[in-house]
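Enquirer: Got a sequence here, can you build the structure:
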Amino acid sequence: MSTQRTTGYNATDATRVTHTRYTILAAILLLATVAYADRAILSIAGPGIAKEFGLNHVQLGYVLSAFSWAYVVGQIPGGMLLDRLGTKTMYGITLVLWSIATILVGFIGHITTDLSVALGLLFALRFALGLIEAPSFPANNRVTVMWFTKEERGLATSLFASASYFAVAIFSPLAGWLTAKYGWPAPFFALGLIGIASAGLWAVVMHEPRKHPRVSQAELERLSAGGAMLDIDEAHERRARPTLSWKVVRLLLGNRMLWCSYIGQYCVIALSYFFITWFPIYLVQARGMNIMEAGFATMLPAIAGFVGGIAGGVISDMLIRSGWSVSWARKTPYIVGMAVGCCIVFSAFTESNTVIVLLMTLAFFGKGAAAGAGTWAIASDTAPREAVGLAGAVFNCIGNVGGIVTPIVFGYIVHATHGYNAGLYFVAAHCLLAAIVYLVFMGRIERVQVH
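Expert: Residues are numbered from 1 along each chain as shown. Okay, here's the model as predicted:
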């Protein structure tokens, strides 16, 4: 295949290794942060929404669950569309659409005051948000496969995988301030407009590697030599790619290594959703904190999770550069990180709120390190070339079932036991299971081939 292209560089510049890939990385980090902020914003605005429309806890719970159900359902078709349409087009369209869905939530109070109508609109718009956002993280994964070498991919994937923590740290205080000052619709308007502006930035910044106007030939050669799939998004590659076949599906669902990665992602997501849903409630109901104290208490684990995510990716890439195999460079930080995450269980044996927050902070640092090194990085390293988008979608689909199961099961455990300790055992068990699966059952990490 020809590598001829037109860029803004002359022959002398072509010998210099540019760093255009980091501009692309900054763009997908921004988009991932916006995506997570749109998901989390309802938890900040929820009390105001419930008060205005008279929603009870059960009704609000259904609204809160709408995103996750749709997000899981949309993964496979979203991944297929991603493989056919390409990353730039698919991501740009979905970003605009999910931003519109976010803005429309803010108008519900102007449309109706009827409880049943408001409930239906809330559920429908949150379901639409989940369905439209479904291809976003497979798209992030596809960009890292395209723009980063194997030895840099851990850092790249750790950044967008840690966007949930970044979004909490940045947008939760902003959303809280907007809600307090202007009412619950304000953060939906603000984030929707930020999303549309981000789509414009994406249209300018994102290009296929060989067509990017700011990349040198030397950078392209470096990427190609390091295992980056430069051509997977080019139009002729997408047209030549076979349509979905049962052979590809059986491969993605019948490979032991891939199933271990799916289970690993499931356990990471389960831990994340405990933090997003039940952790603040636990602090208030079981530990006696007020809402303000609980809000500040959640910030420290969020920051630790983000730092851990970056650390996991950096360490994994460093191990590869030091001569470690890709398998152990990815698995080691994951295994150690999830083992550290097991310290959540000790929260059941202390009465000190300070100790509990420190334990949660340590656990989420470990979870972040595991996610940064051993989830999306592995998805990038193992996806078959013919179905990178679909492979990422299957990985994310199975993993995000944890976002449905964990809040529900945890709630049943608390209801049945009239306490939180058994629920903490349940969450910690995910960490232990994940470490064992990666250590004992996963085996060699390598790209799956469609024969």
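
Enquirer: Off-centre distance for the helix or strand harbouring residue 157?
Expert: Assessed by DSSP states H and E, residue 157 sits inside helix 150-161. Between the centre of helix 150-161 and the centre of its chain there are 13 Å (C-alpha atoms, centre = their mean, to the nearest Å).

Enquirer: any residues touching it, and which ones?
Expert: By C-beta atoms under 8 Å, 6 or more residues apart in numbering, the surrounding residues in contact with helix 150-161 are 21, 25, 28-29, 32, 137, 140-141, 144-145, 147-148, 226-227, 309-310, 312-317, 320-321, 326, 329-330, 371-373, 375-377, 379-381. Backbone N, C-alpha and C define where each C-beta goes, glycine included.

Enquirer: out of these, which are buried?
Expert: With neighbours counted using 16 or more other C-beta atoms under 10 Å, the contacts of helix 150-161 contain these buried positions: 21, 25, 28-29, 32, 137, 140-141, 144-145, 147-148, 227, 309-310, 312-317, 320, 326, 329-330, 371-373, 375-377, 379-381.

Enquirer: Pull out the buried positions in stretch 65-84.
Expert: 65-72, 74-76, 78-84.

Enquirer: Can you give me the domain assignment for this structure?
Expert: Domain assignment for the chain by automatic domain parsing gives 20-149+169-227, 245-444.

Enquirer: Now distance to residue 161 and mean pLDDT too, for these, in CSV please.
Expert: Rendered in CSV, the data for the domains of the chain read as follows (distance: least, C-beta to C-beta, whole Å; pLDDT from 0 to 100):
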stretch, distance to residue 161, mean pLDDT
domain 20-149+169-227, 8, 85
domain 245-444, 5, 84
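
Enquirer: Give me the buried positions along stretch 351-359.
Expert: In stretch 351-359, counting by 16+ other C-beta under 10 Å, buried: 353, 356-359.

Enquirer: got a list of contacts for it?
Expert: For stretch 351-359, using C-beta under 8 Å, 6+ apart, the contacting residues are 283, 287-289, 297, 300-301, 343-344, 346-347, 350.

Enquirer: Can you pick out the most distant pair from the residues you listed?
Expert: Farthest pair in the contacts of stretch 351-359 (C-beta to C-beta) is 288 and 343. Separation: 21.8 Å.

Enquirer: next one: stretch 327-342 to chain centre, how far?
Expert: The answer for stretch 327-342 is 18 Å, by C-alpha atoms, centre = their mean.

Enquirer: Next, the buried residues of that stretch.
Expert: In stretch 327-342, counting by 16+ other C-beta under 10 Å, buried: 327, 329-342.

Enquirer: In space, what's closest to residue 419 - neighbours in sequence excluded?
Expert: Leaving aside its sequence neighbours, residue 419 sits nearest to residue 286 (C-beta to C-beta, 6 or more residues apart in numbering; 7.2 Å).

Enquirer: how close does residue 34 get to residue 229?
Expert: 26 Å (C-beta to C-beta, to the nearest Å).

Enquirer: Just want to know which of the two has more residues nearby.
Expert: residue 34 (27 against 21; other C-beta atoms under 10 Å).

Enquirer: wouldn't that one be in contact with residue 193 here?
Expert: No - with contacts counted by C-beta atoms under 8 Å, residue 34 stays clear of residue 193, the gap being 10.7 Å.

Enquirer: any residues in contact with both of those two?
Expert: Residues touching both residue 34 and residue 193 (C-beta under 8 Å, 6+ apart): none.

Enquirer: From residue 188, how far off is residue 201?
Expert: Residue 201 sits 20 Å away from residue 188, going by C-beta to C-beta.

Enquirer: the more surrounded of those two?
Expert: residue 188 (27 against 14).

Enquirer: ok, now how distant is that one from residue 46?
Expert: 12 Å.

Enquirer: Pop out the phi and psi values for residue 208.
Expert: Main-chain torsions, residue 208, degrees, to the nearest 10: phi -60, psi 150.

Enquirer: My guess is it contacts residue 146. True?
Expert: Yes - with contact defined as C-beta under 8 Å, residue 208 reaches residue 146; the gap is 7.4 Å.

Enquirer: Centroid-nearest residue for the protein?
Expert: For the chain, residue 161 is the residue whose C-alpha lies nearest the centre (C-alpha atoms, centre = their mean; 4.8 Å).

Enquirer: contacts for stretch 422-436?
Expert: The list of residues contacting stretch 422-436 from outside it, by C-beta under 8 Å, 6+ apart, reads 263-264, 266-268, 270-271, 274, 278, 282, 334-335, 338-339, 341-345, 347-348, 363, 366-367, 370, 402, 406, 409-410, 413-414, 417.

Enquirer: Go through that stretch and flag the buried ones.
Expert: Within stretch 422-436, the residues scored as buried using 16+ other C-beta under 10 Å are 423-424, 426-428, 430-431, 433-435.

Enquirer: Just name the closest of those to residue 396, please.
Expert: Using C-beta to C-beta, the buried residues of stretch 422-436 come closest to residue 396 at residue 434, 16.2 Å.

Enquirer: so which strand or helix has the closest one?
Expert: helix 421-436.

Enquirer: then that helix to PDB, C-alphas only?
Expert: The C-alpha trace of helix 421-436 is given here as PDB (Å, rounded to 0.1, in the frame of the first residue of the first chain):
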ATOM      1  CA  ASN A 421     -21.100  -5.000  55.400                       C
ATOM      2  CA  ALA A 422     -22.200  -7.900  53.200                       C
ATOM      3  CA  GLY A 423     -22.400  -5.500  50.300                       C
ATOM      4  CA  LEU A 424     -18.800  -4.500  50.900                       C
ATOM      5  CA  TYR A 425     -17.800  -8.200  50.800                       C
ATOM      6  CA  PHE A 426     -19.700  -8.500  47.500                       C
ATOM      7  CA  VAL A 427     -17.800  -5.600  45.900                       C
ATOM      8  CA  ALA A 428     -14.400  -6.800  47.300                       C
ATOM      9  CA  ALA A 429     -15.100 -10.300  45.800                       C
ATOM     10  CA  HIS A 430     -15.000  -8.800  42.300                       C
ATOM     11  CA  CYS A 431     -11.500  -7.600  42.900                       C
ATOM     12  CA  LEU A 432     -10.300 -11.000  44.100                       C
ATOM     13  CA  LEU A 433     -12.100 -12.800  41.200                       C
ATOM     14  CA  ALA A 434     -10.500 -10.400  38.600                       C
ATOM     15  CA  ALA A 435      -7.000 -10.900  40.000                       C
ATOM     16  CA  ILE A 436      -7.400 -14.700  39.900                       C
END
